[in-house]
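**Q** Curious how this folds, go ahead:
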Amino acid sequence: MARAPFTANDKVSLSAEVAVFAGRKGVLSAQSTSWRPTIVVTIPAAAGAGTYTGMITHSVA
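**A** Alright, predicted model coming up:
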C-alpha cells in the first residue's frame, strides 16, 4: 500500500477517510509498527474570525 517515510509532498485532504497503513501479520512471526503523524491545518485567508473545530479518529482493527 503506502510507503514511508512520508514528506510534505505526500499530504492529502482529510475531507474523507484516508488509510495510512495496511499490512498482514504472518502466522509464526511477531510484527509491530508505529507512526508519528504530523497534522497541518491551513486556514484560508478569507475564512471569517471564529472558533473552528474538527475531529481526528485513530483506530486499529
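
**Q** Can you tell me how far the residue most central in space within the chain is from residue 10?
**A** The centre of the chain sits closest to residue 20, judged by C-alpha atoms, centre = their mean, with a distance of 5.5 Å. Distance, residue 20 to residue 10, using C-beta to C-beta, to the nearest Å: 10 Å. The way it works is simple: take the backbone N, C-alpha and C, and place the C-beta from them, glycine included.

**Q** Helices along the protein, start to end?
**A** With DSSP state H applied, the chain shows no helices anywhere along its length.

**Q** give me the low-pLDDT residue ranges for it?
**A** For the chain, the stretches flagged by pLDDT under 70 are 1-6, 21, 23, 25, 28-31, 33, 61.

**Q** Relative to residue 37, how far out is residue 24?
**A** Counting by C-beta to C-beta, the separation of residue 24 from residue 37 is 22 Å.

**Q** More neighbours: which of the two?
**A** More crowded of residue 24 and residue 37, by other C-beta atoms under 10 Å: residue 37, with 8 against 5.

**Q** Name the nearest residue to the more buried one, ignoring sequence neighbours.
**A** Leaving aside its sequence neighbours, residue 37 sits nearest to residue 20 (C-beta to C-beta, 6 or more residues apart in numbering; 7.4 Å).
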